[in-house]
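**Student:** predicted coordinates and the sequence they were generated for:
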There are 2 protein chains.
Amino acid sequence: MSDRREAILDGAERLIRANGYSGFSFREVASEVGIKSASVHYHFPAKPDLAAAVAERYRERFAKALEVKEKQGTARVEAWRAIFHSALKRDGLMCLCGILAVEGASLPPQVAKEARAFLEFGIASLNEVCPGEGVRILSQLEGAMLIARSAGDPSVFARATEDLLAA
Amino acid sequence: MSDRREAILDGAERLIRANGYSGFSFREVASEVGIKSASVHYHFPAKPDLAAAVAERYRERFAKALEVKEKQGTARVEAWRAIFHSALKRDGLMCLCGILAVEGASLPPQVAKEARAFLEFGIASLNEVCPGEGVRILSQLEGAMLIARSAGDPSVFARATEDLLAA
DNA sequence: GTCTATAATTTGATAGAC
DNA sequence: GTCTATCAAATTATAGAC
């Protein structure tokens, strides 16, 4: 994949995680990358194509980051928690698919599908280490990001998910 | 407060809970109520005014609904859970302020403030019956709505919050 | 691949008649 | 209070030059 394409995905991901699907535009993405909006359309014909590609890459990246953390000896639940926590601390950004899930009803079907796929992946991943508790744990993580973001304070996320360290 | 004003708030609340702040328009609200968008501007000069009024009324209503449930003998945590669950079952709508919180960064300050106020009210309310656990419980509730909504299945919410019945 | 230019639509908001 | 009419801006998207 070309550098330009990657740069577009980077810009779009940052903007969606900051403002949501209906809150980002091709012009903003183009401006972040330093090109014109028509050039973004060359790489991704329509808005749903771009957003779906962002969500797909997000899931793949997340899965790889989890693998790395587990190979380093981090327990899986803590790995999920740490990845979310560090994004909140670094840029104040919450889970891409948490944002997309909330916009659900007004989302183009292919984008909603990618968001669903990420959440299902998360539930399955957490069920593997905590049978029957995947949904509950992912709920707590997504909700804690939502609240921490509203409070503008990443430490709220840490407090709201402290108990998961015991798992 | 006039009936018309209430009807506008009703329509706006439904639309925001379905599509978010940046996903609803004065024209859509007007169309739901059966009037023109200029008439909506008569009651609420600008979009942030309308959204903030919706959020304020939501918090007041929620507090009243909690009181009623508690007077009927329902434990507080279960009351929170039941109110969210019934909205999901009835209309597939999640918490208004959960949606607004997610959009946080791109929200007009007065709207973000109302969303924050609701979440703080929730944390305080839950801390009263479960000291130190308010954030964790509200996180779980908001996150479970987010996931259930993405799955298009309210029973996901029930499963993800089952353990709260013990509290 | 990227650009300029532009079409078609939607948006938030206002002016002024009734 | 509600309407018609309208504005300026932004949006998604396309055509065609380079």
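**Tutor:** On my side now, so go ahead.
**Student:** hey, let's count contacts and neighbours off CA atoms from now on
**Tutor:** Fine.
**Student:** mind listing what's buried in the helix or strand where A:Ile123 lies?
**Tutor:** Secondary structure from DSSP states H and E places A:Ile123 in helix A:109-129. Buried positions in helix A:109-129, judged by neighbour count with 16 or more other Cα atoms under 10 Å in any protein chain shown: A:111-120, A:122-127.
**Student:** from A:His85, how far off is the residue most central in space within chain A?
**Tutor:** For chain A, the residue nearest the mean C-alpha position is A:Leu96 (2.7 Å; Cα atoms, centre = their mean). A:Leu96 is 13 Å from A:His85, where distance means Cα to Cα, to the nearest Å.
**Student:** interface residues of chain A facing DNA strand D?
**Tutor:** Residues of chain A lying near DNA strand D by Cα under 7 Å from any atom of the strand: A:22, A:24-28, A:37-38, A:41, A:45-48.
**Student:** hmm, 10 Å instead?
**Tutor:** A:21-29, A:36-42, A:44-50, A:108 (Cα under 10 Å from any atom of the strand).
**Student:** which among those residues count as buried?
**Tutor:** Listed as buried from the residues of chain A next to DNA strand D are A:21-24, A:26, A:28-29, A:37, A:40, A:44, A:47-48, A:50; burial here means 16+ other Cα under 10 Å.
**Student:** contacting DNA strand C as well, which ones from these?
**Tutor:** Contacts with DNA strand C within these, counted by Cα under 10 Å from any atom of the strand: A:37, A:40.
**Student:** which parts of chain A are strands?
**Tutor:** Using DSSP state E, no strands are found in chain A.
**Student:** where's A:Arg59 relative to B:Arg57, distance?
**Tutor:** A:Arg59 is 38 Å from B:Arg57, by Cα to Cα.
**Student:** out of the two, which sits in the busier spot?
**Tutor:** A:Arg59 (20 against 17; other Cα atoms under 10 Å in any protein chain shown).
**Student:** that one is in contact with A:Leu119, isn't it?
**Tutor:** No: judged on Cα atoms under 8 Å, A:Arg59 makes no contact with A:Leu119 at a distance of 9.3 Å.
**Student:** list the residues that contact A:Val135.
**Tutor:** A:123, A:126-127, B:144, B:156, B:159-160 (Cα atoms under 8 Å, 6 or more residues apart in numbering or on different chains).
**Student:** how far away is it from DNA strand C?
**Tutor:** A:Val135 sits at a distance of 34 Å from DNA strand C (criterion: Cα to the nearest atom of the strand, to the nearest Å).
**Student:** what of A:Glu128?
**Tutor:** Separation of A:Glu128 from DNA strand C (Cα to the nearest atom of the strand): 40 Å.
**Student:** just checking, what packs against the longest helix along chain A?
**Tutor:** Counting residues, the longest helix in chain A under DSSP state H turns out to be helix A:47-71. Secondary-structure packing of helix A:47-71 (3 or more Cα pairs under 8 Å, 6 or more residues apart in numbering or on different chains; DSSP states H and E): helix A:3-19, helix A:76-91, helix A:96-103, helix A:109-129.
**Student:** what residues does it touch?
**Tutor:** Helix A:47-71 has contacts (Cα under 8 Å, 6+ apart) with A:9, A:12-13, A:21, A:26, A:44, A:76, A:79-80, A:83, A:96-97, A:108, A:110-111, A:114-115, A:118.
**Student:** do stretch A:90-110 and DNA strand C meet at all?
**Tutor:** No: Stretch A:90-110 does not reach DNA strand C (Cα under 10 Å from any atom of the strand); its nearest approach is 11.3 Å.
**Student:** in that stretch, which residues are buried?
**Tutor:** Applying a neighbour-count criterion of 16+ other Cα under 10 Å, one finds A:92-107 buried in stretch A:90-110.
**Student:** filter the residues you listed down to the ones near chain B?
**Tutor:** Counting by Cα under 8 Å from any Cα of the partner chain, A:98-99, A:101-106 from the buried residues of stretch A:90-110 sit close to chain B.
**Student:** could you dump these to JSON lines with distance to B:Arg5?
**Tutor:** Shown next, in JSON lines, are those (distance: Cα to Cα, whole Å):
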{"residue": "A:Gly98", "distance to B:Arg5": "33"}
{"residue": "A:Ile99", "distance to B:Arg5": "30"}
{"residue": "A:Ala101", "distance to B:Arg5": "30"}
{"residue": "A:Val102", "distance to B:Arg5": "27"}
{"residue": "A:Glu103", "distance to B:Arg5": "26"}
{"residue": "A:Gly104", "distance to B:Arg5": "28"}
{"residue": "A:Ala105", "distance to B:Arg5": "26"}
{"residue": "A:Ser106", "distance to B:Arg5": "25"}
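**Student:** want to throw the residues you listed into JSON lines with pLDDT and distance to A:Gln72?
**Tutor:** Below are those laid out as JSON lines (pLDDT from 0 to 100; distance: Cα to Cα, whole Å):
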{"residue": "A:Gly98", "pLDDT": "98", "distance to A:Gln72": "26"}
{"residue": "A:Ile99", "pLDDT": "97", "distance to A:Gln72": "29"}
{"residue": "A:Ala101", "pLDDT": "97", "distance to A:Gln72": "31"}
{"residue": "A:Val102", "pLDDT": "95", "distance to A:Gln72": "33"}
{"residue": "A:Glu103", "pLDDT": "93", "distance to A:Gln72": "35"}
{"residue": "A:Gly104", "pLDDT": "82", "distance to A:Gln72": "35"}
{"residue": "A:Ala105", "pLDDT": "86", "distance to A:Gln72": "39"}
{"residue": "A:Ser106", "pLDDT": "91", "distance to A:Gln72": "40"}
